[in-house]
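Peer 1: Turn this into a model:
(one chain, ligands or ions: 2)
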Amino acid sequence: MINITILGATGSIGKSTLAVIDLYNKDFNVFAISANTDHKQMLDLCNKYHPKYAVMADADAAEKLASTVSVDTQVLSGTKALDDIASHTDTDYVMAAIVGSAGMSSALAAAKAGKRIMLANKESLVLAGDIFIEAVKTNNAELIPVDSEHSAVFQCLQSGTSGLNKIQLTASGGPFLHTPIEKLKNITPDEACAHPNWSMGRKISVDSATMMNKGLEVIEAYYLFNLDPGQIDVIVHPQSIVHSSVYYQDGSTLSQLGNPDMRTVIAYALGYPQRINSGVSAINLAKNSPLEFYQPDLDKFACLKLAFEALNKGGSAMGTINAANEIAVDNFLNNKIKFLDIPEVIEKTLDASIHSAPLSLKEIVDNDINSRQIAQEIINSYV
Ligand code: NAD
Ligand code: MG
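Peer 2: Ligands and ions are numbered 1, 2, ... in the order given. Prediction:
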């Protein structure tokens, strides 16, 4: 029996993870779960899975859960408790599926404890890529990507990187691929969250609409696969059937294909190196034809350009754009700023920040806090 900690159990990835685990209740045990504030959903999960620990990031929510839970589950709260369930000696695998930089500490705790980390929280690598990869190596942790593009590249690279020229991440282009830039001004949060192919949490849905998601993924790939920035390419593929490709010197290209459903990616991370059932059916190529591919429009999707810029700058610039993006998206979702303000806030924050090469986790966290403050001040000057 493999014990699993699911960080972000109430989210989109968390729920898909539980759906795959439901197919294998003799092999996988839900050891610990976490969520931010949704104590009602957590109560349902406690009743169904009887985890040893349930952690609410929010203290009030933890109190409410503790007062209602009747099964033998210990309810804890706070960041330290998240780190504890991620690094607990009795847990084997950790699904790191908290959204945003709030997920970094617990994902890193899992790495330091030498766990199998199924990494959905790409923000951990964007913020602290060098420290994270070092912790994985030093502690013999296993890092398996839970992002469809990176899982595709990981799968294609199973025979090694010999003769590799470049990788190519596919982007769906989001809901506004064919919308003229003038029409993007008055996009509402619900329109931005209506992704044509993938069902996801609201923050990553907005990131997909601005293509910042692809930008963060470029940085994620840089760290996961130890590449030069010039070896990472992006192509727009609106059908989301080809999940990514790797190009070799001999002229061969390998791609991974499948229906756009994260259960496939999660099953791969759970079963690796075996392939297990995910509950997802195979694609029908004829029904999904034609498959289209386009170059991304970096003027319309300025966030993608900004992410490449930050990667080329290196160091704190990546954490800065991530923090500015989280603040901008949050304000957009709360109707405080417009859709096209998102790239503007990120660019202004990047320009206003002092660029450094943070070496310690404290410096990374300080830069995250400072960049959030700068982004919020820029937004306050709009209203
Ligand atoms: P979501 O918003 O649906 O779920 C987020 C989870 O994190 C919830 O369980 C929530 O309670 C928890 N959470 C939120 N804020 C928190 C905080 N401050 N402290 C502790 N817990 C907190 O998000 P999602 O779509 O499941 O995405 C999760 C992560 O996976 C993100 O990093 C995202 O980029 C990545 N990802 C998601 C998908 C997808 O298809 N949804 C695909 C690839 C990668
Ligand atoms: Mg992705």
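
Peer 1: so who does Lys137 touch?
Peer 2: Listed by Cβ atoms under 8 Å, 6 or more residues apart in numbering, the contact set of Lys137 is empty. Any C-beta I mention is one placed from the backbone N, CA and C, and that applies to glycine too.

Peer 1: Contacts for stretch 373-383, please.
Peer 2: Outside stretch 373-383, the residues that touch it by Cβ under 8 Å, 6+ apart are 323-324, 327-328, 331, 336-337, 341, 345-346, 348-349, 352-353.

Peer 1: Could you pull up the mean pLDDT of that stretch?
Peer 2: For stretch 373-383, mean pLDDT rounds to 94.

Peer 1: Pretty sure Glu142 sits against Ile117.
Peer 2: Yes. If you go by Cβ atoms under 8 Å, Glu142 and Ile117 touch, sitting 6.9 Å apart.

Peer 1: Closest residue of the stretch 1-150 of the chain to ligand 2?
Peer 2: Nearest residue of the stretch 1-150 of the chain to ligand 2, counting by Cβ to the ion: Asp147, 4.1 Å away.

Peer 1: For that residue, which non-adjacent residue is closest in space?
Peer 2: Lys122 (5.9 Å; Cβ to Cβ, 6 or more residues apart in numbering).

Peer 1: could you list every residue that touches the one you found?
Peer 2: Residues near Lys122 by Cβ under 8 Å, 6+ apart: Asp147, Leu216, Glu217, Ile219, Glu220.

Peer 1: where's the third one, which helix or strand?
Peer 2: Remark: Glu217 resides in helix 212-225, with elements defined by DSSP states H and E.

Peer 1: Tell me which of Glu142 and Ile117 has more neighbours.
Peer 2: Between Glu142 and Ile117, counting by other Cβ atoms under 10 Å, Ile117 is the more crowded of the two (31 against 14).

Peer 1: count of neighbours near the spatially closest residue to the more buried one that is not a sequence neighbour?
Peer 2: Excluding the flanking residues, the one nearest Ile117 by Cβ to Cβ, 6+ apart is Ala110, at 4.8 Å. Counted with other Cβ under 10 Å, residues neighbouring Ala110 total 31.

Peer 1: backbone phi and psi for Ala110, please?
Peer 2: The phi/psi pair for Ala110 (degrees, to the nearest 10) reads phi -60, psi -40.

Peer 1: ok so Ile337 is a helix residue?
Peer 2: No. Counting by DSSP: H, G, I helix; E, B strand; the rest coil, one finds Ile337 to be coil, located in no helix.

Peer 1: Let me see the domain layout of the protein.
Peer 2: The chain breaks down by automatic domain parsing into domains covering 2-145, 314-383.

Peer 1: gap between the closest residue to Asp261 other than its chain neighbours and ligand 1?
Peer 2: Using Cβ to Cβ, 6+ apart and skipping the chain neighbours, the partner closest in space to Asp261 is Val280 (4.5 Å). Separation of Val280 from ligand 1 (Cβ to the nearest ligand atom, to the nearest Å) stands at 13 Å.

Peer 1: thought Val280 was touching Asn259?
Peer 2: Yes. With contact defined as Cβ under 8 Å, Val280 counts as touching Asn259 (5.7 Å).

Peer 1: so which residue of the protein comes closest to ligand 1?
Peer 2: Gly11 (2.0 Å; Cβ to the nearest ligand atom).

Peer 1: Report the residue spans of the stretch 151-300 of the chain with pLDDT below the cut-off.
Peer 2: Nowhere does the stretch 151-300 of the chain drop to pLDDT under 70.

Peer 1: give me every residue that touches Gln155.
Peer 2: Each residue near Gln155 by Cβ under 8 Å, 6+ apart is listed here: Gln256, Tyr268.

Peer 1: Can you name the helix or strand that it falls in?
Peer 2: Using DSSP H and E, the element containing Gln155 is helix 148-156.

Peer 1: mind listing what Met56 touches?
Peer 2: Neighbours of Met56 in contact, by Cβ under 8 Å, 6+ apart: Ser34, Ala35, Asn36, Thr37, His39, Met42, Ala62, Leu65, Val75, Leu76, Ser77.

Peer 1: That one and Thr253: what is the separation?
Peer 2: According to Cβ to Cβ, to the nearest Å, Met56 stands 46 Å off from Thr253.

Peer 1: shared neighbours, Val280 and Asn259?
Peer 2: Common neighbours of Val280 and Asn259 (Cβ under 8 Å, 6+ apart) do not exist.

Peer 1: Now Tyr49: closest residue in space, sequence neighbours ignored.
Peer 2: Taking Cβ to Cβ, 6+ apart, and ignoring the residues beside it in sequence, Tyr49 has Val30 as its nearest neighbour in space, at 4.0 Å.

Peer 1: is it true that the one you found lies in a strand?
Peer 2: Yes. Judged by three-state DSSP, Val30 forms part of a strand.

Peer 1: Would you mind listing what in this protein touches ligand 2?
Peer 2: Counting by Cβ under 5 Å from the ion, the positions of the chain adjacent to ligand 2 are Asp147, Ser148, Glu149.

Peer 1: so the last one makes contact with Glu217?
Peer 2: Yes. Taking contact to mean Cβ under 8 Å, the distance of 5.7 Å between Glu149 and Glu217 places them in contact.

Peer 1: Thanks a lot, see you next time.
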